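# Got a sequence here, can you model it:
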Amino acid sequence: MCEGAACAVRLARALPVSQFADGSIDLGAIQTSLGGRKISGRWMSEVWDFIGTLPEQLAEDIPRRAKTLDATAPADATVIGNEKVFIEEGAHVGPHVVLDASAGPILIRKGAVVAPFTHLVGPMAVGRDSQILGDRIAMSSIGDHCKVRGEMSNSIILGHSNKGHAGFVGHSYLGRWVNLGALTTTSNLKNTYGPVQIWTPTGVRSTGQQFLGTLFGDHAKTGIGTMLSTGTVIGAGASVFGANTPPKVIPPFAWGSVEPYETYDITKFLVVAERVMERRHVQLADKTRKQLTEAHKRRWST
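Residues are numbered from 1 along each chain as shown. Below is the predicted model of the structure:
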């Protein structure tokens, strides 16, 4: 149970997944029990909830995660605030780094490198073997093997993604293997200061959030100087360039500079994906290749 609702049930017997596809099956009729164990957590009803609740999630999760790590306080960095700062053994924090833990804890994982003159604001998590290369990074979750330079706030990067140049990214969600061209910038606040609307498969909806940037699918890429509006959705595998401000909805595997976009040829896409992954010493396995090919076949459009 979580917040008074069932988050998991144990089935009385094995059932095919297809019976759950339309959502009509009655869980109450098939469970052995609703269970008696309560867990802490929160429901993510919408994809933008991950951004809206990110600071709270980080503040809760970082101390719990750090308990299992061999973590120490930084030796050379300047620490501000009373919250905990955890530097896992094997991480490197350069001189003149400022770690501001006034509003929440900071965790830097093994193999990560934080370059001199970087300003990290908690709550903040930096994944294994990631590189933080300067500017102010605030209240964000950066996955493993990422590269981040330039201002960023309240954003999630899953892993193996590259923001290697200047440009502001705020209240945004980056999947895996995303690459942002130099000066790619997201708007995360409307001129009216009203709630941000966003495209969904069921139509345009209000998120109820005042701050929301861009949702980037896996393997999405932007060209130099791309300017993105509030509540933009860029589908997986899309590659956009040339236009200063693309539309707010870009379908998966779109390719080009202006609408109507071409469809990225899957053979060419896989060649690029393989090349990108090899740079991080990761092989494009047959299973992943098949998954991407299937995603290309099932891509949605607007």
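# Now T263. Nearest residue, chain neighbours left out?
Leaving aside its sequence neighbours, T263 sits nearest to F253 (CB to CB, 6 or more residues apart in numbering; 5.8 Å). (Glycine included, C-beta is placed from N, CA and C.)
# Also V169?
In space, and not counting its chain neighbours, V169 is closest to M152: 4.7 Å by CB to CB, 6+ apart.
# surely the one you found meets L174?
No. The pair M152 / L174 is not scored as a contact, 9.8 Å apart, by CB atoms under 8 Å.
# Looking at those two, which has the bigger crowd around it?
L174 (30 against 26; other CB atoms under 10 Å).
# which stretch of helix or strand covers that one?
Here L174 sits within strand 173-176, counting by DSSP states H and E.
# other SSEs contacting that strand?
Packing contacts for strand 173-176, counted by 3 or more CB pairs under 8 Å, 6 or more residues apart in numbering; DSSP states H and E, involve strand 156-159, strand 214-216.
# what does the shortest one rub up against?
This means strand 214-216. 47-48, 169, 172-175, 178, 186, 198, 228, 231-234 (CB atoms under 8 Å, 6 or more residues apart in numbering).
# And for the first one?
The list of residues contacting strand 156-159 from outside it, by CB under 8 Å, 6+ apart, reads 50-51, 54, 127, 140-146, 148, 163, 172-176, 178, 218.
# please redo it, this time with the cut-off set to 6 Å
Contact with strand 156-159 is made by S141, I142, G143, D144, H145, C146, Y173, L174, G175, R176, as judged by CB atoms under 6 Å, 6 or more residues apart in numbering.
# And for Q291, the neighbour number?
12.
# part of a strand, is it?
No. Under DSSP: H, G, I helix; E, B strand; the rest coil, Q291 falls outside any strand and is assigned helix.
# contacting residues for L284?
A273, E274, M277.
# Give me the buried entries from these.
The neighbour count (16 or more other CB atoms under 10 Å) marks A273, M277 as buried among the contacts of L284.
# Y193: which of the contacts of L284 is nearest?
A273 (39.3 Å; CB to CB).
# give me the element the closest one is part of.
A273 belongs to helix 266-279, assigned by DSSP H and E.
# Tell me which stretches of the stretch 1-150 of the chain form strands.
Remark: strands assigned in the stretch 1-150 of the chain by DSSP state E, counting those that start in this stretch are 71-72, 78-80, 85-88, 92-93, 98-100, 106-108, 113-114, 118-121, 124-126, 131-132, 135-138, 141-144, 147-148.
# show me what contacts V79?
V85, L99 are the contacts of V79 under CB under 6 Å, 6+ apart.
# so what pLDDT did it get?
On the pLDDT scale, V79 is placed at 94.
# now swap in I62 and tell me
96.
# any idea how far A101 is from it?
According to CB to CB, to the nearest Å, I62 stands 10 Å off from A101.
# next one: S172
23 Å.
# higher neighbour count, those two?
Counting neighbours by other CB under 10 Å for S172 and for A101 shows that S172 has the greater number, 27 against 20.
# what residues are up against that one?
Counting by CB under 6 Å, 6+ apart, S172 makes contact with S155, T186, G213, T214.
# just curious, which of those residues is nearest to I80?
Closest to I80, out of all of the contacts of S172 and judged by CB to CB, is S155, at 21.3 Å.
# Surely that closest one is in contact with A138?
No. Using CB atoms under 6 Å, S155 is not in contact with A138; the gap is 9.1 Å.
# Who has more neighbours out of these two?
S155 (26 against 20).
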